[in-house]
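K.L.:
Predicted model and sequence follow; I will ask about them next.
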Amino acid sequence: MRARSSGTLPLPVACSHRRFQSTFLVLIALIMLSGYIIFLSTPTLRTFHAAPGEEIARVDTQSTVPKHRQQSGKARHGHHVTKNSPPLPIPVLTPALELAAITSFLTSIHDAHMNVLPPTVDPSKTIDPQLVLDFDITRNPRAQEELQSLQENVWSRNPVVLYAKHFSPLSRAIKAALQALHMHPPPTFIDVDTRVDASILEPLLRRLTDMDLPIILIGGQLVRPVDDEDSGDSPSSSDKHLKVLLDAGHSHAPMKKIDTSVLEYLQELELSGELGELLENAGVHIGEGKGHKRDGH
């Protein structure tokens, strides 16, 4: 019997080898086919999965953008204005509103270097509301209501305000007299002469109140001496009496004739009980606590 050629594999081994090659080729083909199918289907899947999110985002954008615009278009006091709306007529600031706006501006920040009137202000003219208000008066349809609210709030927060001179003996005496009443809330003192804008603020206050410092405001009511000619009386021009000028520049409420000194006037009002009534009407309690004064810059 002849020996088998050494280069020929046995039949079982050859079949097994061919099966292995076929299986390997089929596996490679399946992998390639699967990869191709996945490659083709990926954009479709991406579209399928992204579409709902995009739709939700689109719907959410439609529902949230107006709110965002509404908030960005609101004035600082919460009233809606549109960004592109035309400017509205600026309400005229009466002396009472102007005094309230300036007082609110000066007392809003406890730093005299942060709430300073710019040197461009002309104290002989009504101040530009945009300089002292915290809302856009030109685009707020409820600007007049905002001004009235500001006027009420500033005198509620600062029921007793003294515009004074730091180095004036009379101003110091009035401060001491007010502090001795132990008010709550305590009085607000604004030393005009020590401010960097004193050259603007002092004549501006003189225009609004028609008086020199010191100037006392109780609940927004200006307390001041006036000539008899101004109040309709007929005595000589040198004979004066004091009255409360209500609403800082409008209706008058004559008081009985007393000395023209503001300090003596306060003492007279205290003795007569009228000062207590004024303070009570302004929301001030007397004799409760130590009544530390508040520096108004």
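P.N.:
The structure has been received and is ready for your questions.

K.L.:
quick one, what contacts R206?
P.N.:
123, 212 (Cβ atoms under 8 Å, 6 or more residues apart in numbering). Glycine gets a C-beta too; all of them are placed from N, C-alpha and C.

K.L.:
Need the pLDDT of it.
P.N.:
pLDDT for R206: 95.

K.L.:
mind checking the backbone torsions on it?
P.N.:
Backbone torsions of R206, given as degrees, to the nearest 10, read phi -60, psi -40.

K.L.:
any idea how far it is from L99?
P.N.:
12 Å (Cβ to Cβ, to the nearest Å).

K.L.:
And for Q267?
P.N.:
Counting by Cβ to Cβ - Q267 and L99 are separated by 25 Å.

K.L.:
again with P169
P.N.:
26 Å.

K.L.:
So for these two, which residue has more residues nearby?
P.N.:
For P169 versus L99, neighbours defined as other Cβ atoms under 10 Å are more numerous around L99 (26 against 9).

K.L.:
Wait, a strand at F189?
P.N.:
Yes. Under DSSP: H, G, I helix; E, B strand; the rest coil, F189 falls within a strand.

K.L.:
excluding its backbone neighbours, what's nearest G287?
P.N.:
Leaving aside its chain neighbours, G287 sits nearest to H182 (5.1 Å; criterion: Cβ to Cβ, 6 or more residues apart in numbering).

K.L.:
Correction: the previous question concerned N281.
P.N.:
N281 sits nearest to G219 (Cβ to Cβ, 6+ apart), 5.9 Å away.

K.L.:
need the contact list for the one you found.
P.N.:
155, 159-160, 278-279, 281-283.

K.L.:
Redo those residues as TSV? Include secondary structure, neighbour count and distance to D128.
P.N.:
Shown next, in TSV, are these (DSSP: H, G, I helix; E, B strand; the rest coil; neighbours: other Cβ atoms under 10 Å; distance: Cβ to Cβ, whole Å):
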residue	secondary structure	neighbour count	distance to D128
W155	helix	22	22
P159	coil	25	27
V160	strand	25	28
L278	helix	18	32
L279	helix	22	33
N281	helix	12	32
A282	coil	19	29
G283	coil	14	30
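
K.L.:
any idea which of those residues is the one closest to F189?
P.N.:
Distances from F189 to the contacts of G219, taken as Cβ to Cβ, are shortest for V160 (9.4 Å).

K.L.:
how many other residues sit next to the residue nearest to that closest one when sequence neighbours are not counted?
P.N.:
Leaving aside its sequence neighbours, V160 sits nearest to P187 (Cβ to Cβ, 6+ apart; 4.0 Å). Neighbour count of P187, defined by other Cβ under 10 Å: 26.

K.L.:
What separation do you get for P187 and L147?
P.N.:
P187 is 24 Å from L147, by Cβ to Cβ.

K.L.:
All the strands of the protein, residue numbers only.
P.N.:
Counting by DSSP state E, the chain has strands at residues 160-164, 183-184, 188-191, 215-218, 221-227, 240-245, 252-254, 285-286, 294-295.

K.L.:
Isn't the residue nearest to G287 up against L279?
P.N.:
No. Between H182 and L279 there is no contact under Cβ atoms under 8 Å: 11.2 Å.

K.L.:
any common contacting residues for these two?
P.N.:
Common neighbours of H182 and L279 (Cβ under 8 Å, 6+ apart) are I286.

K.L.:
okay, and for this structure, where does confidence drop off?
P.N.:
1-18, 41-91, 110-113, 137-140, 225-260, 288-297 (pLDDT under 70).

K.L.:
Residue ranges of each domain in it, please.
P.N.:
10-72, 95-295 (automatic domain parsing).

K.L.:
can you give me the helices for the chain?
P.N.:
11-72, 95-107, 129-132, 143-157, 169-179, 198-209, 228-231, 262-272, 274-281 (DSSP state H).

K.L.:
okay, the angle between the fifth one and strand 160-164?
P.N.:
Read that as helix 169-179. 160 degrees (axes from the mean of the first three to the mean of the last three Cα atoms, to 10 degrees).

K.L.:
just checking, what packs against helix 169-179?
P.N.:
If you count contacts as 3 or more Cβ pairs under 8 Å, 6 or more residues apart in numbering; DSSP states H and E, helix 169-179 packs onto strand 160-164, helix 262-272.

K.L.:
now with 10 Å?
P.N.:
strand 160-164, strand 188-191, strand 215-218, helix 262-272 (3 or more Cβ pairs under 10 Å, 6 or more residues apart in numbering; DSSP states H and E).

K.L.:
What of the third one?
P.N.:
Helix 129-132 makes packing contacts with helix 95-107, helix 143-157 when contacts are defined by 3+ Cβ pairs under 10 Å, 6+ apart.
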